[in-house]
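**Student:** fold the following for me, if possible:
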Amino acid sequence: MKVFLAAFAHETNSFSPLPTTLRSFQQDIFYLPGDTAAYDKASQFAGYADMLRIGAERGDEVVGGMCAWAQPSGPVARRVYEQLRDELVNELRSCIGLDMVVLVLHGAMMADGYPDCEGDLLTHVRRAVGPRMPVGALLDLHGNVTPAMVDSGALLLACKEYPHTDYDARSAELYGMLAAVARGAAMPRTVLRPVPMLGLFGTTEGPMRTFVRRLQDCEAQDGILSVSAMHGFPWSDSVHTGAAIVVLHAPSAAAEAAQLADTLAAEMFALRSTAAAARLPLE
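**Tutor:** Numbers count the residues shown, from 1 in each chain. Alright, predicted model coming up:
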């Protein structure tokens, strides 16, 4: 198959008065097709690198588009966000004969005038490829999932671990799901359940370790394809900031997915005071 791959990720501290500029990306990872000097960094970026490897292993033609990432910092300057968004979309439009689109995003990018960059970007991508193209987005669990992201029809799948040790596994999961759709499987559907909580929840110890295993067990149910527990990003201050449960399911399992999302959202909310990482006092 022919696959378009791109990455555009930033974890935005919207309380910072200092904008994130083009130079911010250039100082970290900023690859455009043909820039051989910048390709080495892009080809090692988590998610992007995994998708390149998976595509090669499957014998697919992966068209590696833009890969841009900057350290967590203030809101992206409006002109810079629009420039990079349009670069990605134009690269996508130039690809003929695509079977699927894979994007490595974050979920907590904000720019001047754009409180939901991922929702805006995915909307533009959907307009570019039409309603039937399989599109997927790999997210950081510290993202804030919005209705616009879901409404784009993209398959949203996040890492489950914090620290993020499972990008390779989640990349393979998303890639396989999109490939199945490209070969004729029914397009999965999404259930989003916001959870009114914020915090930093490590998954290496209980009770979050047990909750992650619970998510994985749920994915063994008939028709449940993926379950992501978004922790949210507290420093991206928007109306959609917060935790969430995201369930991808087969069309035949809509009722089961809705019930599961409700149950897991309640279970996650119950962990709000016991799962947060312990913090030392300033003294």
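
**Student:** how about the helices in this structure?
**Tutor:** Assigned by DSSP state H, the chain shows helices spanning 22-26, 36-42, 48-58, 78-94, 117-129, 147-151, 167-182, 208-218, 254-270.

**Student:** those helices into TSV, with extra columns for distance to Ala244?
**Tutor:** No exception for glycine: its C-beta is placed from N, CA and C like everyone else's. What follows is these, written out as TSV (distance: least, CB to CB, whole Å):
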stretch	distance to Ala244
helix 22-26	27
helix 36-42	29
helix 48-58	23
helix 78-94	23
helix 117-129	13
helix 147-151	10
helix 167-182	16
helix 208-218	13
helix 254-270	8
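
**Student:** okay, the ones you listed in TSV with mean neighbour count, distance to Leu280 and mean pLDDT next?
**Tutor:** Output for the helices of the chain, formatted as TSV (neighbours: other CB atoms under 10 Å; distance: least, CB to CB, whole Å; pLDDT from 0 to 100):
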stretch	mean neighbour count	distance to Leu280	mean pLDDT
helix 22-26	16	31	98
helix 36-42	13	34	96
helix 48-58	19	35	98
helix 78-94	17	37	98
helix 117-129	21	33	98
helix 147-151	17	36	98
helix 167-182	20	29	98
helix 208-218	16	20	98
helix 254-270	17	25	98
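
**Student:** indicate which one of those is closest to Arg189.
**Tutor:** Between Arg189 and these, the tightest spacing by CB to CB is seen for helix 254-270, at 6.6 Å.

**Student:** ok so, going back, the helices of the chain: which one's closest to Ala278?
**Tutor:** Among the helices of the chain, helix 208-218 comes nearest to Ala278, with 12.7 Å by CB to CB.

**Student:** contacts for that closest one, please.
**Tutor:** The contact list for helix 208-218 (CB atoms under 8 Å, 6 or more residues apart in numbering) reads 160-162, 201-203, 224, 227-229, 260, 264, 267-268, 271, 275.

**Student:** let's see it at 7 Å
**Tutor:** With CB atoms under 7 Å, 6 or more residues apart in numbering as the test, helix 208-218 has contacts from 160-161, 201-203, 224, 227, 229, 260, 267-268, 271, 275.

**Student:** mind checking which of the helices of the chain is nearest Gly136?
**Tutor:** With distances scored as CB to CB, the stretch of those nearest to Gly136 is helix 167-182 (4.7 Å).

**Student:** follow-up on the earlier one: can you say which of the contacts of helix 208-218 are buried?
**Tutor:** Lys160, Glu161, Phe201, Thr203, Ile224, Val227, Ala229, Leu260, Glu267, Met268, Leu271, Ala275 (16 or more other CB atoms under 10 Å).

**Student:** between the helices of the chain, which gets nearest to Phe233?
**Tutor:** helix 117-129 (11.5 Å).

**Student:** tell me how far the closest one lies from the chain's centre.
**Tutor:** What separates the centre of helix 117-129 from the centre of its chain is 13 Å, taken as CA atoms, centre = their mean, to the nearest Å.
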